[in-house]
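# Got a sequence here, can you model it:
(2 chains)
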Amino acid sequence: MIAQTSAETVVIAPMLVALVSAVAALLAGRRRRVRSVVALGGVVGYAVAVGALAWTVVLAPDAPGIATYQVGGLAAPFGITLVADALSAFMLSMVATIALASIVFSRRYAAHSGSRTFYYPLCYFLLLGVTGSFLTGDLFNLFVWFEVMLMASYVFVAYYGGPQHTRAAFWYVALNLLASAVFLLGVGGIYAVTGTLNMADLARRLADPAAYGIDPVPVVGLFALLLSVFAIKAGLVPFQFWIPTAYRAAPPPITALLVGATKKVGIYAIVRLSFTVLAGAQIGVSLELPIPGLGVAGDSPLAFVGAALFVMAAASILVGGLGAVGRDSIEGVLAYSSIGQIGFIAIPVAIAATTTSSGLRQVAIVAALVYALNHTLAKGLLFLAVGAVRSATGTSRLAELGGLAGRSPPLAIAFFVGSLALVGIPPLSGFFGKFLVFDAAARAGSAPVLGLLLGGSLLTIAYATRVWNRSFWGARTPAVDEATVDPVQVAVVLALAGAILAVGVGFEPVYRFAELAAEAALDAEGYVEAVDPGGELE
Amino acid sequence: MTAFVLALVVGALFALGTFLLLRRDLIRVVWGLAIVSQAANVYLLAMGGIVEGGFETVPVLAGHGEGAPQTADPLVQALVLTAIVIGFGMTAFALVLSYRVYEEHDTLDASELGDRG
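Here you go, the predicted model:
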């Protein structure tokens, strides 16, 4: 047995809070008051637990920067290790913010007849899966947390049980079950090649394969399998097709959670496995890509990851942007927009993977993280605003909306702030996200990438303007005239708008946090040392 | 020999699963998913390697006749056990969901479901 200190216990705290809240919410059953108290208490407790983790592990003056928890007291690599470092803490803080907003917002949606008993428990199971994915230091355990997260999201996509919901859920389930099988193939192959599934142990073995008597070359191909699974979760082209139907079918507060948390798990897994685990491996890769400025041949598997990611990200920006311009409902626009925005997050990750300069690599990862934070806040806000519009007017079709700005000015202000953050107007958080991504691309010296980002940004302006003009301005339609806006929902949306403004105005500490997170992502040695997966060589 | 049979089985299961996945009937699609995930399980088991067993690796057989049979890596057995449980839950959910799809659409034919609602 290893004695667990309080600094170690804090690592598992967010997961425990989510699990206990899920069970408590199940026990609360149909009692309405108890249910609301549990729901609210759970997510506040979750935010506190995440805050405590971020503070004690990363942000406090004497923080260690990384902490581990050996589940069951079994030492790595045999037991399952939970690892909290700045990268995990950054992602968790992001998720806690959107979870708080989404669950407070859910009050009216959770009252939907028939399935209300299961709304909050599922929320917390979703949160548990996301939290576990961010904290685990074991590849197979990552698979398990993915499944926990997915299982809850399946039910949410089918939540309303109408024709389009069941159909969307069926294809969503089918796609993800297939992805799970592919994930297992990757995991099994990596175990066969390296003899371990502990991420720290993997990083150590791949960095010095000769000492462990392994041949690391197949890992590149096996990692490609994993990459495709993560790309499905993140919704990168060509794995984006499930997003519009699933996001339209799920209740809007849950869509905010899916876009803010589940998608980011995909990005996180790519960053963690590429830079912490795979970066140390010396495997010659040579791939020709007909785009100047991005070298894709190299002596690291990252060259391959970068090239693959770059193609997917570029396609995502184009497909998402062009798709969003022509949709006929606000959710449709936002769902396509989130495909494009994930492209904006993946571009700097691709730059970080292809570059050989460690300075640029860090700058690029910071850009990706800041952009991810902005996307979570802004897109979360916008999906919640759609939820507010839908519960007020009963529709989100652009043709049936108009003049919302006069009907509910606070809602309009919040939506406006969210749209501007998406476009990237200072002083909102979106400006820094866009700025850093452009900065990384400029430093990489790639004109085509800059052009692509510019084109994507122009498309963002086009569809954001179109949604604003069609739904908030113009003549009031009958649906808007009869609307009654829920004050709690508007308050939540306004609070998120405030958060976007606060992140933009007080950007310095957020940037420092992101910088620490990027350092943690790149510091494979520190990661291995903290986990300490057993001493002797075989 | 065992390795050869396993490779053959994994290949056959993946082929069958993929074939069923591409059918129009949703129930066949669910069957396909179930078979593909089983194929992944068999593959996972094979990836751990099959070794000559001894009483150290299979202590439960000690004192039950002569010798232990070939055994798979215990770690992948644990992984497969987890994967089977997850796969079972998912398949059950997919079956229930396909019944709900049938209730809502009065058909299980993928091409009649369309993609707009």
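
# Given the helix or strand of chain B with the lowest mean pLDDT, what are its sheet partners and their directions?
Counting by mean pLDDT, DSSP states H and E, the weakest-scoring helix or strand in chain B turns out to be strand B:50-51, with a mean of 78. Strand B:50-51 pairs in its sheet with strand B:71-72 (antiparallel), by DSSP bridges.

# buried sites along the helix or strand that the strand it pairs with is followed by?
Counting by DSSP states H and E, the next helix or strand C-terminal to strand B:71-72 is helix B:74-105. For helix B:74-105, a neighbour-count test (16 or more other CB atoms under 10 Å in any protein chain shown) marks B:76, B:79-80, B:83, B:86-87, B:90-91, B:93-94, B:97-98, B:100-101, B:104-105 as buried. Just so you know, the C-beta spots here come from the backbone N, C-alpha and C atoms, and that holds for glycine as well.

# now do stretch A:17-28
Residues of stretch A:17-28 classed as buried: A:Val17, A:Ala18, A:Leu19, A:Val20, A:Ser21, A:Ala22, A:Ala24, A:Ala25, A:Leu26, A:Ala28 (neighbour count, 16+ other CB under 10 Å).

# which residues sit against it?
A:34-35, A:38-39, A:41-43, A:45-46, A:48-49, A:117-118, A:120-121, A:123-125, A:127-128, A:131 (CB atoms under 8 Å, 6 or more residues apart in numbering or on different chains).

# rerun that using 7 Å as the cut-off
Contacts with stretch A:17-28, where a contact means CB atoms under 7 Å, 6 or more residues apart in numbering or on different chains, come from A:34-35, A:38-39, A:42, A:45-46, A:49, A:120-121, A:124-125, A:127-128, A:131.

# May I ask which of those has the most neighbours?
A:Thr131 (35 neighbours; other CB atoms under 10 Å in any protein chain shown).

# what does chain B have sitting close to chain A?
Residues of chain B lying close to chain A (CB under 7 Å from any CB of the partner chain) are B:26, B:29, B:33, B:36-37, B:40, B:43-44, B:47-48, B:76, B:79, B:82-83, B:86, B:90, B:93-94, B:97-98, B:100-101, B:104-105, B:113, B:117.

# Count the neighbours of A:Thr477 for me.
A:Thr477 has 18 nearby residues by other CB under 10 Å.

# That should have said A:Ile365, apologies.
For A:Ile365, the neighbour count with other CB under 10 Å is 28.

# Disregarding flanking residues, what is the spatial nearest neighbour of it?
A:Ala518 (3.9 Å; CB to CB, 6 or more residues apart in numbering or on different chains).

# Figure out the helix or strand that that neighbour lives in.
Short version, using DSSP H and E: A:Ala518 is in helix A:507-522.

# what's the spacing between that helix and its chain's center?
Relative to its parent chain, helix A:507-522 has a centroid offset of 16 Å by CA atoms, centre = their mean, to the nearest Å.

# Could you export that helix as CSV, CA atoms only?
C-alpha atoms of helix A:507-522 as CSV (Å, rounded to 0.1, in the frame of the first residue of the first chain):
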residue,chain,number,x,y,z
PHE,A,507,-6.4,37.7,-20.1
GLU,A,508,-3.0,37.7,-18.3
PRO,A,509,-3.7,34.9,-15.7
VAL,A,510,-5.6,32.8,-18.2
TYR,A,511,-2.7,33.0,-20.6
ARG,A,512,-0.3,32.0,-17.8
PHE,A,513,-2.5,29.0,-17.0
ALA,A,514,-2.6,28.0,-20.7
GLU,A,515,1.2,28.4,-20.8
LEU,A,516,1.6,26.1,-17.8
ALA,A,517,-0.7,23.6,-19.5
ALA,A,518,1.3,23.7,-22.7
GLU,A,519,4.5,23.2,-20.8
ALA,A,520,2.9,20.2,-19.0
ALA,A,521,1.8,18.7,-22.3
LEU,A,522,5.3,18.9,-23.6
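
# Around the residue in the stretch 151-300 of chain A that chain B sits nearest to, how many other residues sit close by?
Residue of the stretch 151-300 of chain A nearest chain B, by CB to the nearest CB: A:Gln164 (2.8 Å). A:Gln164: 18 surrounding residues under other CB under 10 Å.

# That one contacts A:Ala250, correct?
No. Using CB atoms under 7 Å, A:Gln164 makes no contact with A:Ala250, being 11.4 Å away.

# Helix or strand: which one has residue 43?
Let's take chain A. helix A:32-54.

# Chain B, not that one
Going by DSSP H and E, B:Tyr43 is in helix B:26-47.

# In terms of secondary structure, what does that helix contact?
helix A:163-194, helix B:2-21, helix B:74-105 (3 or more CB pairs under 7 Å, 6 or more residues apart in numbering or on different chains; DSSP states H and E).

# Format the CA atom coordinates belonging to the second one as CSV.
What that stands for is helix B:2-21. Only the C-alpha atoms of helix B:2-21 are listed here, as CSV (Å, rounded to 0.1, in the frame of the first residue of the first chain):
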residue,chain,number,x,y,z
THR,B,2,-3.4,-21.4,-32.2
ALA,B,3,-2.1,-18.1,-33.6
PHE,B,4,-3.1,-19.1,-37.1
VAL,B,5,-6.6,-20.1,-36.1
LEU,B,6,-7.0,-16.9,-34.1
ALA,B,7,-5.9,-14.8,-37.0
LEU,B,8,-8.4,-16.6,-39.2
VAL,B,9,-11.2,-16.2,-36.7
VAL,B,10,-10.5,-12.5,-36.3
GLY,B,11,-10.4,-11.9,-40.0
ALA,B,12,-13.6,-13.9,-40.6
LEU,B,13,-15.4,-12.0,-37.8
PHE,B,14,-14.4,-8.6,-39.1
ALA,B,15,-15.4,-9.5,-42.6
LEU,B,16,-18.8,-10.8,-41.4
GLY,B,17,-19.3,-7.8,-39.1
THR,B,18,-18.5,-5.3,-41.8
PHE,B,19,-20.8,-7.1,-44.3
LEU,B,20,-23.7,-6.9,-41.8
LEU,B,21,-22.9,-3.3,-40.9
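
# gap between it and the chain center?
Using CA atoms, centre = their mean, the offset of helix B:2-21 from its chain centre is 10 Å.

# Quick check: closest non-adjacent residue to the residue positioned nearest the centre of chain B.
The centroid of chain B falls nearest to B:Gln38 when counting by CA atoms, centre = their mean (0.8 Å). In this structure, B:Gln38 finds its nearest non-sequential neighbour in B:Leu13, 6.2 Å apart by CB to CB, 6+ apart.

# same question, A:Tyr247
A:Ala335 (4.1 Å).

# Quick one: mean pLDDT for whichever strand or helix holds that neighbour?
A:Ala335 belongs to helix A:330-354 when assigned by DSSP H and E. What helix A:330-354 shows for mean pLDDT is 94.

# what number of residues lie near A:Val193?
21.

# Please report how far it lies from A:Trp171.
33 Å (CB to CB, to the nearest Å).

# Over to A:Ala152?
According to CB to CB, A:Ala152 and A:Trp171 sit 18 Å apart.

# just to revisit the earlier point, now the element after the helix holding A:Ala518, going C-ward?
Downstream of helix A:507-522 (by DSSP H and E), the next one is helix A:524-531.

# And that following helix, what does it pack against?
For helix A:524-531, the packing partners by 3+ CB pairs under 7 Å, 6+ apart come out as strand A:66-70, strand A:81-85, helix A:199-207.

# Comparing those, which comes out most buried?
strand A:81-85 (a mean of 27; mean count of other CB atoms under 10 Å in any protein chain shown).

# That strand vs helix A:524-531, what angle?
Here strand A:81-85 points in a direction 130 degrees away from that of helix A:524-531 (axes from the mean of the first three to the mean of the last three CA atoms, to 10 degrees).

# where does chain A have its least confident helix or strand?
helix A:478-481 (a mean of 86).

# starting at the chain centroid, how far to it?
Worked out by CA atoms, centre = their mean, helix A:478-481 lies 35 Å from the chain centre.

# Tell me the buried residues in that helix?
Here helix A:478-481 shows A:Ala479, A:Val480 as buried, counting by 16+ other CB under 10 Å.

# Identify all contacting residues around that helix.
Outside helix A:478-481, the residues that touch it by CB under 7 Å, 6+ apart are A:Thr393, A:Gly394, A:Thr395, A:Glu400, A:Leu401, A:Gly402, A:Gly403, A:Leu404, A:Arg407.
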